[in-house]
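[1] Structural data only, the sequence is not supplied:
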């Protein structure tokens with residue numbers, strides 16, 4: 001299946017095909033493979049792995065043989081076709097949709113991301129916060145995670161988590177219930193929701209938000225992949241909030257990755273007697289910041305004056321917007337707040353599409369959320385009002 005690859009140094013579709021091949025061959029976060037990509041380029045790495053050259057440096061003969069065995073079974077054209085059939089796209093470094101903050105991972109940067117859902121990952125990641133925690137969380141942990149998810153969504157933030165049971169699921173449901181934006185980063189193929197008990201939830205996230213993963217279609221999770229997935233959650237967002245976590249917890253791995261990357265790290269305190277809060281309290285004794293609600297999170301990770309009533313964002317020229325986002329922007333009334341349903345009606349699209357576009361426009365400083373409604377920011381209203389002839 002490895003015949004007919006474009007020559008090394010190819011770009012565009014050739015680069016995408018090479019990286020889809022490597023997504024099947026290399027494990028997530030493989031820094032040796034990342035170094036090969038940086039030093040040789042994807043085309044040359046694929047050529048060597050497919051049997052066209054000598055062994056690349058930095059691995060034993062046994063490991064090279066294992067990579068070669070994987071390469072023999074790789075079929076990137078099929079993976080890309082299966083992805084398209086499931087409404088999934090493969091986003092690579094250098095693509096307009098690639099979130100540049102993932103480059104902070106260095107050689108551990110994903111070779112690419114499989115993205116399921118309508119919104120732009122890059123635009124949504126600009127104003128995103130991760131909320132993570134224990135799978136077997138307490139009722140208190142579920143309540144706090146849901147409240148944080150809803151509160152952050154109501155403030156125009158994109159809420160990122162891992163789609164798992166417990167805190168992750170409560171966070172996603174809180175954001176969805178508030179009509180907000182949420183992203184699930186999975187440790188498996190995005191066409192195979194895991195855990196299976198969250199199939200309906202993850203499907204809903206894909207409809208209203210985004211489901212993202214490093215693994216190609218159909219691939220399964222492993223314990224190591226869960227841990228490696230956490231670095232993507234940490235790098236993608238401005239900060240990570242840990243709600244409940246024991247001393248040995250994947251959520252703590254996410255928080256520590258965020259600290260290494262220079263992101264904000266926050267913890268929600270729990271009872272001193274709770275083992276599920278012990279890991280959070282350990283973080284709080286270090287460099288993490290104690291938070292108790294969405295307002296405190298937004299105050300920490302947001303721009304200066306985030307909580308001020310008349311925030312002015314960096315409005316970009318409207319002619320840079322894609323047609324769908326421009327149509328949603330045009331559907332907002334002059335000075336009043338409008339609901340998602342009203343905006344969808346006037347823009348001639350669905351409510352899920354409107355949610356996706358509104359959070360993109362929020363990242364660019366055009367709109368802001370007020371309760372269940374949306375309105376133009378003051379700066380956008382002044383700029384757009386001139387064109388519309390408002391008095």
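    Happy to help now that I have it. Owing to the predicted nature of the structure, the values given are computational and were not obtained by experimental measurement.

[2] Wait, a helix at residue 27?
    No. Under the criterion used here (DSSP: H, G, I helix; E, B strand; the rest coil), residue 27 is coil, not part of a helix.

[3] so what's the backbone phi/psi at it?
    Main-chain dihedrals, residue 27, degrees, to the nearest 10: phi -80, psi 150.

[4] can I assume it is in contact with residue 224?
    Yes. Using C-beta atoms under 8 Å, residue 27 is in contact with residue 224, at 7.5 Å. For the C-beta atoms, the positions are set from N, CA and C on the backbone; glycine is no exception.

[5] okay, these two: which has more neighbours?
    residue 27 (15 against 12; other C-beta atoms under 10 Å).

[6] Quickly note the distance from that one to residue 216.
    For residue 27, the distance to residue 216 (C-beta to C-beta, to the nearest Å) stands at 12 Å.

[7] Also residue 43?
    Taken as C-beta to C-beta, the span from residue 43 to residue 216 is 19 Å.

[8] and the next element down the chain from the host helix or strand of residue 201?
    Per DSSP states H and E, residue 201 falls inside helix 199-208. Using DSSP H and E, the next helix or strand after helix 199-208 towards the C-terminus is strand 210-213.

[9] mind listing what that following strand pairs with, with the direction of each?
    strand 113-116 (antiparallel), strand 182-186 (parallel) (DSSP bridges).

[10] deepest of those, which one?
    strand 182-186 (a mean of 29; mean count of other C-beta atoms under 10 Å).

[11] Next, the closest residue to residue 339 other than its chain neighbours: phi, psi?
    In this structure, residue 339 finds its nearest non-sequential neighbour in residue 373, 5.3 Å apart by C-beta to C-beta, 6 or more residues apart in numbering. Per-residue torsions, residue 373: phi -120, psi 170 (degrees, to the nearest 10).

[12] where exactly do the helices run in the stretch 201-350 of the chain?
    With DSSP state H, counting those that start in this stretch as the criterion, the stretch 201-350 of the chain has helices at 223-236, 250-260, 278-285, 294-301, 323-331, 340-347.

[13] coming back round to it: columns distance to residue 197 and mean pLDDT on top of the strands paired with strand 210-213, output as CSV?
    Formatted as CSV, those follow (distance: least, C-beta to C-beta, whole Å; pLDDT from 0 to 100):
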stretch, distance to residue 197, mean pLDDT
strand 113-116, 19, 98
strand 182-186, 14, 98
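
[14] any chance of those in a markdown table, with distance to residue 379 too?
    Output for the strands paired with strand 210-213, formatted as a markdown table (distance: least, C-beta to C-beta, whole Å):
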| stretch | distance to residue 379 |
| --- | --- |
| strand 113-116 | 30 |
| strand 182-186 | 27 |
